[in-house]
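# fold the following and give me the result.
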Amino acid sequence: MIHYTCDRCKRNIDTTCQTRYVVKIEVQTAHEDCSPDFDDDVDHLSELHQVLEGLTDDEIDDAQSDTCLSGDYDLCPECHKQYLKNPLGRDALLPLGFSNN
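Model (predicted):
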């Protein structure tokens, strides 16, 4: 039998009497559609090749990790309700109190 645990509160989810919810989150870098002005005298493929040849494996991994992140998370019914109320966790941010100097 497969055992599930809520990724938010760490309680066991008994799928025989509880509903298990799965939250799928995917974060990607937003790319704006713009048409760059290309100079016909420049070999862009050659420039790209030179840039890629200069990157190390660690730099390539860092670039990929910045562009996309995804994950699946199990939630129990109680945490599911809380997640739907505040999916971005905005209430967790406390406002800073600055003086009126």
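# what stretches of the chain score poorly on pLDDT?
32-42, 44, 49-50, 55-67, 91-97, 101 (pLDDT under 70).
# those helices in the protein, which residues are they?
Along the chain, the segments classed as helices by DSSP state H run 44-54, 57-67, 77-85.
# and Thr5, what is it in contact with?
11-13, 74 (C-beta atoms under 8 Å, 6 or more residues apart in numbering). Every residue, glycine included, has its C-beta placed from N, CA and C.
# just the buried residues out of the residues you listed, in PyMOL syntax.
Buried residues within those, by 16 or more other C-beta atoms under 10 Å, are selected in PyMOL with:
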select buried, resi 13+74
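# which of the contacts of Thr5 fall within strands?
Within these, residues falling in strands by DSSP state E are 12-13, 74.
# spatially nearest residue to Cys9, not counting backbone neighbours?
Cys79 (5.4 Å; C-beta to C-beta, 6 or more residues apart in numbering).
# ok, that neighbour touching Lys10?
No. Taking contacts as C-beta atoms under 8 Å, Cys79 lies outside contact range of Lys10: 9.9 Å.
# settle it for me: which of the two has more neighbours?
Cys79 (20 against 9; other C-beta atoms under 10 Å).
# what is the burial count for Gly54?
8.
# begin at 635 from now on, thanks
Okay, residue one is now 635; in that scheme the one you just asked about reads as Gly688.
# looking at the contacts of Thr639, spot the one nearest Tyr638.
Ile647 (4.2 Å; C-beta to C-beta).
# excluding its backbone neighbours, what's nearest that closest one?
Tyr638 (4.2 Å).
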